[in-house]
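> please find the sequence and the predicted model below.
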Amino acid sequence: MLAYTVKRLLQGAATVWFIATATFVAMHSVPGDPLANQRATSEEIRRNLEERYGLDRPVIEQYGIFLGSMLRGDFGISFTQENRRVNDIIRENFPVSATLGILAVTFAALGGILWGALTALYRNRLPDLVITFLVILGISVPSFVVAALGQLALVNLNAAVGEPLLPVAGWGTLRHMIVPSLVLGLGTMAYLTRLMRSSMLEIADADFIRTARAKGLPPTRIFLKHQLRNAILPVVTVLGPAIAAITTGGFVVELVFAIPGLGRYFVTAVQQLDYTVIMGTTVFYGAFLVVMVIAVDLLYGWIDPRVRLE
Amino acid sequence: MTASPTPAAGRPLLDVADLHVEFDTHGGVVKAVRGVSFSVQAGRTLAIVGESGCGKSVSVLSVMGLVPTPPGRITRGAARLGDVDILRRKIVDGHDVRGSRIAMIFQDPMSALNPTMRVGDQIAETLQVHRGLSRADAFRRAVEVLAQTHIPDAEARAKQYPFTFSGGMLQRAMIAMAIACEPEVLIADEPTTALDVTIQAQILDLLQELQRRTGMAIVLITHDLGVVARMADDVSVMYAGEIVESGSADDVFYRSAHPYTLGLRAAMPSQATTKAAGLQPIEGTPPDLFDPPPGCAYVARCPHAMHLCRPHRPEPFQVDPAHHARCWLHHPGAPAGRDGVYRGARA
Ligand SMILES: Nc1ncnc2c1ncn2[C@@H]1O[C@H](COP(=O)(O)OP(=O)(O)O)[C@@H](O)[C@H]1O
Ligand code: SF4
Ligand SMILES: [Mg+2]
């Protein structure tokens, strides 16, 4: 188990390095000049800035400096917001994105497992048909549409009630968090529901379920101890990609709901070609996802003994 | 091989009578079991033998309440354990019957255990549910039962997961699970078919040893006449959803009274016949169970078929006191002198 964990961590480090390098290459091959903004008015100022950011050095040297500061965990200073360190931007804004993401993942996973189990229990009966229809909707509608519709629904709901039941935008209280995280988790929940349903049906026909019934166990015990735990395994496997999907989906939801998260920062940084912020947040997100995928792997090993010992 | 062995004293422990089971499928209704009766007494082993698909599993799954409904349906019959009909009941006298008084082991031990649960916990579970033991007590008892199945180092093994076990070990664990509550009847559906030959013999020995110790009745399902010869006190031969011959093992083996039983014997590899010379598979295929023939189900393959066999269904004729065959050759008016078909002590 320890060797496995170490191996996964090394693989993860290599992945992060790859992401960093790819980002670096991409940033240095996009057309455009971060200093072309109004700030670099004179040649002198431009030279000063170039020197400060090391833009006058050869690319390979810049790459070395970049990797060095990444290793030290220093993402540099924003190009567009003087005196703001990228580390500070991440530290201030990531917790908001993380809260949103965690709520959305929890909602998606619990919802997916619950609805999936329910549809399997009511196979081909009304609850199954209704939920399966909604699932197809949830999978096929893109997240920015869901976000806009969610907001619209919220506006109408508040208007109907006559007072602001739930805030339409912004961040801060739990009431702010509910709708954005539901919207963010919805697509993933739909996907997990479908996965859970087919997994439950497959397990229901498994030999060991017949064994459990031959042992005369009560149905609830068979369901919880034998069917559910085994049916959840495929859901856990895709939790890594699901977290990735929710993380990227968060960019849109943060924009639509005016949530001061890192994702919104990232989108703005891209629009303004803010080199350091783009590279810093990309590498940070990459590292975050790698850690999450490893965590999911370890969780899987904990649930499935066959993986644990291999 | 002299007279038929003494019929065991006492009433049958498990008595199945006139069982009918159907399945709804896309192609129509499969009449999988069509009037099956068998019984087994304490301490004895009944083998149910027949080709694949003839309804052996469905018959015993019905008794265990494990036929999936839908698509399955038990349309007629009774299954008595002692005095009560357990066919459509899970609980008798406040006790769970299934898993407690009557238990079952299956063909493929590799898939019959829950992969994410420790083996010991899977055994202990029945003791918790049926005997009300605490988790810890049940686990301790599970280790003892596992040791009874001769799994080395049972204590450590009980804490492991099924994937660390070999096929033979898994079948031992499965047996431990089934006998944990000391059932009166153990049903074993092809328990050794998925195993190596040497392991097969060990598992059969284990079943016999446990039977001697506990006095439980065993219903053993197999398509392997070698297994029948080794294990059975009594034999029921199944064909196309019916029992076509039943009697003591010696009756059925050495005084076969049904042409199908003779066919099975001819198809069976034995020490006397080499593969090249002696084996004679039965020609043809079993009838379509969507639309079973009105008369004798074996008529299309039977070398002795007569005119009345096709339209008229034979009843089980008594050949000797505890030996029956569902074949018109045993009708008093049937012509004599059919090759190899035993016609009873009187004939
Ligand atoms: N769940 C089911 N659905 C439809 N048909 C079934 C089902 N289970 C068994 N059958 C049918 O019942 C017949 C007997 O099957 P089975 O008892 O498993 O045979 P055996 O154990 O003797 O090999 C077969 O023709 C099979 O197709
Ligand atoms: S009843 Fe007729 S067809 Fe059937 S086994 Fe006997 S002789 Fe053959
Ligand atoms: Mg079978």
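Nice, thanks for sending it over. Numbering: from 1, shown residues only, chains lettered A, B, ... in the order given. Ligands and ions are numbered 1, 2, ... in the order given.

> separation between B:Y161 and ligand 2?
Distance, B:Y161 to ligand 2, using CB to the nearest ligand atom, to the nearest Å: 50 Å. To be clear about C-beta, it is placed using only N, CA and C from the backbone, and glycine gets the same treatment.

> that residue contacts B:G120, correct?
No: between B:Y161 and B:G120 there is no contact under CB atoms under 8 Å: 10.1 Å.

> with adjacent residues omitted, what lies nearest to the residue in the stretch 1-150 of chain B that ligand 2 sits nearest to?
Evaluated by CB to the nearest ligand atom, the stretch 1-150 of chain B has B:G50 as its residue closest to ligand 2, separated by 14.1 Å. Of all residues not flanking B:G50 in the chain, B:M238 sits nearest, at 3.5 Å (CB to CB, 6 or more residues apart in numbering or on different chains).

> that neighbour bridge partners, please.
Beta bridges link B:M238 to B:I243, judged by DSSP bridges.

> verify the stated contact: it with B:G35.
No: taking contacts as CB under 8 Å, B:M238 lies outside contact range of B:G35: 11.3 Å.

> pick out whichever of those two has more residues nearby.
B:M238 (24 against 17; other CB atoms under 10 Å in any protein chain shown).

> now do the more buried one, the pLDDT please.
Reported pLDDT at B:M238 in the predicted model: 97.

> now do the contacts for it.
Contacts for B:M238 (CB atoms under 8 Å, 6 or more residues apart in numbering or on different chains) come out as B:V36, B:I48, B:V49, B:G50, B:C54, B:G55, B:K56, B:S59, B:V244.

> do A:G111 as well
Applying CB under 8 Å, 6+ apart, we find A:G111 in contact with A:G185, A:M189, A:L192, A:T193.

> rebuild these as TSV, extending it with pLDDT, secondary structure and distance to B:D153.
Below are the contacts of A:G111 laid out as TSV (pLDDT from 0 to 100; DSSP: H, G, I helix; E, B strand; the rest coil; distance: CB to CB, whole Å):
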residue	pLDDT	secondary structure	distance to B:D153
A:G185	92	helix	47
A:M189	93	helix	46
A:L192	94	helix	41
A:T193	94	helix	44
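
> in TSV, list the residues you listed along with distance to A:W17.
As requested, these are arranged in TSV below (distance: CB to CB, whole Å):
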residue	distance to A:W17
A:G185	31
A:M189	33
A:L192	31
A:T193	36
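
> ok, which pair from those is furthest apart?
A:G185 and A:T193 (11.4 Å; CB to CB).

> and those two? Which one has more around it.
Neighbours were tallied for A:G185 and for A:T193 using other CB under 10 Å; the higher tally belongs to A:G185 (30 against 26).

> the helix or strand where A:L129 lies close to chain B?
Per DSSP states H and E, A:L129 falls inside helix A:126-140. No: contact of helix A:126-140 with chain B (CB under 8 Å from any CB of the partner chain) is absent, the minimum separation being 15.7 Å.

> what's that helix in contact with?
A:115, A:118-120, A:122, A:146, A:186-187, A:189-191, A:193-194, A:197.

> buried ones in that helix?
Across helix A:126-140, burial judged by 16 or more other CB atoms under 10 Å in any protein chain shown covers A:D128, A:I131, A:T132, A:V135, A:G138.

> same check on stretch B:319-333?
Neighbour-count burial for stretch B:319-333 flags B:V319, B:D320, B:A322, B:H323, B:H324, B:A325, B:R326, B:C327, B:W328, B:L329, B:H330 (criterion: 16+ other CB under 10 Å).
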